[in-house]
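In: dropping the sequence and predicted coords here.
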Amino acid sequence: MAADSQNIGAHWPGNKDDYVLQDAIGVGATATVYRVRGSSKYKYVFEILEG
């Protein structure tokens, strides 16, 4: 296992300003899934529940 993969999830920025929504990659009945770029080197995908 690569060293980087062991650290995934070790730190998640908690401020919404630490993320930039890039594009919607999926839409469902109650949520939209976005590709997001964070302040770290990892890419994130977020599901935003509509409510």
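Out: Yep, that arrived.

In: tell me the contacts of G26?
Out: Taking C-beta atoms under 8 Å, 6 or more residues apart in numbering as the contact definition, G26 lies against T32, V33. Just so you know, the C-beta spots here come from the backbone N, C-alpha and C atoms, and that holds for glycine as well.

In: how much space between it and V33?
Out: According to C-beta to C-beta, to the nearest Å, G26 and V33 sit 4 Å apart.

In: again with A24
Out: Applying C-beta to C-beta, the value for A24 to V33 is 7 Å.

In: quick check: closest non-adjacent residue to R37.
Out: Nearest non-adjacent residue to R37, counting by C-beta to C-beta, 6 or more residues apart in numbering: V20, 4.8 Å away.

In: equivalent analysis for Y19, please.
Out: Distance criterion C-beta to C-beta, 6+ apart; nearest residue to Y19, sequence neighbours excluded, is V36 at 4.9 Å.

In: hang on, that neighbour packs against Q22?
Out: Yes - taking contacts as C-beta atoms under 8 Å, V36 lies within contact range of Q22: 6.3 Å.
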